[in-house]
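Enquirer: Coordinates only, no sequence provided:
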């Protein structure tokens, strides 16, 4: 499974940004997809998870109501829609493939994309 994340950039507080993660490989549809983020000196934390049918989506409490994870099976792409961004959302964001919804450690990681939110 290969994952290619894109869409990061520099935005101002209150702005919106959408990250994309293109998945490829023979078995990527067997995995639950997730978004994680990491800031210097901190552990990588989960932001949200979604299955390929988008029938089951999860957002972390820290971003609930502002971030939405979705998956487009036709495009083999997972999205992270981020609204009302705050400076504390500044991080490197990673997409990942997990073996199950309850899994805490992804099986595959994409490369990170940097999101910087200025105040």
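Expert: Cool, the structure landed. All values derive from a computational prediction rather than experimental measurement.
Enquirer: and the residue lying closest to residue 113 once chain neighbours are set aside, how many neighbours?
Expert: Nearest residue to residue 113, sequence neighbours excluded (C-beta to C-beta, 6 or more residues apart in numbering): residue 8, at 3.4 Å. No exception for glycine: its C-beta is placed from N, CA and C like everyone else's. For residue 8, the neighbour count with other C-beta atoms under 10 Å is 16.
Enquirer: isn't residue 8 right next to residue 19, touching?
Expert: Yes: Residue 8 is in contact with residue 19 according to C-beta atoms under 8 Å; the separation is 6.5 Å.
Enquirer: Overlap in contacts, these two.
Expert: Common neighbours of residue 8 and residue 19 are listed as 93, 113, 115 (criterion: C-beta atoms under 8 Å, 6 or more residues apart in numbering).
Enquirer: If the first one is in a bridge, with which residues?
Expert: When assigned by DSSP bridges, residue 93 has beta-bridge partners residue 37, residue 113.
Enquirer: show me the contacts for it.
Expert: Applying C-beta under 8 Å, 6+ apart to residue 93 gives the contacts 5, 8, 19, 35-37, 47, 80, 112-115.
Enquirer: try 7 Å
Expert: Listed by C-beta atoms under 7 Å, 6 or more residues apart in numbering, the contact partners of residue 93 are 5, 8, 19, 35, 37, 80, 112-113, 115.
Enquirer: Pull out the buried residues from the helix or strand of the chain with the lowest mean pLDDT.
Expert: Taking mean pLDDT, DSSP states H and E as the measure, the chain has strand 57-59 as its least confident helix or strand, at a mean of 89. Neighbour-count burial for strand 57-59 flags residue 59 (criterion: 16 or more other C-beta atoms under 10 Å).
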